[in-house]
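Engineer: Have a look at this fold, sequence not included:
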């Protein structure tokens, strides 16, 4: 799916659409793309702000079930409006996420130290806004860590239509496709 990582109606847009984001643009634009449509991930806004708790619930509801579930870092009652999404492993893009102004970052495979560093930096930067008698801002970006295979599988609803459409456009032949909903998450149970 690597080509679909940067394409319009690709992995990033499918996830952003599933989470209800509007006004989307790439998180990391592709060099030389004059259209502004190609790039890794997506950044967009929710039509109406909601709490991190409610947004995380929306993300979990959009994903196929896995035993691991969705992990969240941040104040559950903090408001969320601007969202950055990068399906797949995304802890290498924290600088881009901060630059996007996202309230929350939805990605997968967050490792302990990069996630901890990102949250500590967010808390520190939020504390700086609390000087001169002003209340500190919420520590942003907050994090929503999804199962890798679950968030990437959202793209299949576009691929099942787009791939045969393009094959038919290029060759005149429309291949028959079947969507297989096999869960490929490697984790089979969680102990709490």
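Structural biologist: Arrived safely, thanks for sending. This one's a predicted model, so the numbers in the text were calculated from it and none came from an experiment. Numbering: from 1, shown residues only.
Engineer: Can you list the low-confidence ranges for this structure?
Structural biologist: 1, 130-136 (pLDDT under 70).
Engineer: Report the central residue of it.
Structural biologist: residue 85 (2.4 Å; CA atoms, centre = their mean).
Engineer: what helices or strands is the helix or strand that contains that one leaning on?
Structural biologist: Assigned by DSSP states H and E, residue 85 belongs to strand 79-89. Judged by 3 or more CB pairs under 8 Å, 6 or more residues apart in numbering; DSSP states H and E, the packing partners of strand 79-89 are helix 11-18, strand 42-51, helix 52-62, helix 94-100, strand 104-108, helix 148-152. Bear in mind the C-beta positions are built from the backbone N, C-alpha and C, glycine included.
Engineer: Try it again at 6 Å.
Structural biologist: The contact analysis (3 or more CB pairs under 6 Å, 6 or more residues apart in numbering; DSSP states H and E) places strand 79-89 against helix 11-18, strand 42-51, strand 104-108, helix 148-152.
Engineer: how big is the angle separating the first one from strand 79-89?
Structural biologist: Using axes from the mean of the first three to the mean of the last three CA atoms, to 10 degrees, the inter-axis angle of helix 11-18 relative to strand 79-89 is 150 degrees.
Engineer: Contacts for helix 11-18 next, please.
Structural biologist: 4-5, 24, 41-42, 44, 62, 85, 87, 151-152, 154-155, 158 (CB atoms under 6 Å, 6 or more residues apart in numbering).
Engineer: If anything else comes up later, I'll come back, but that's it for now.
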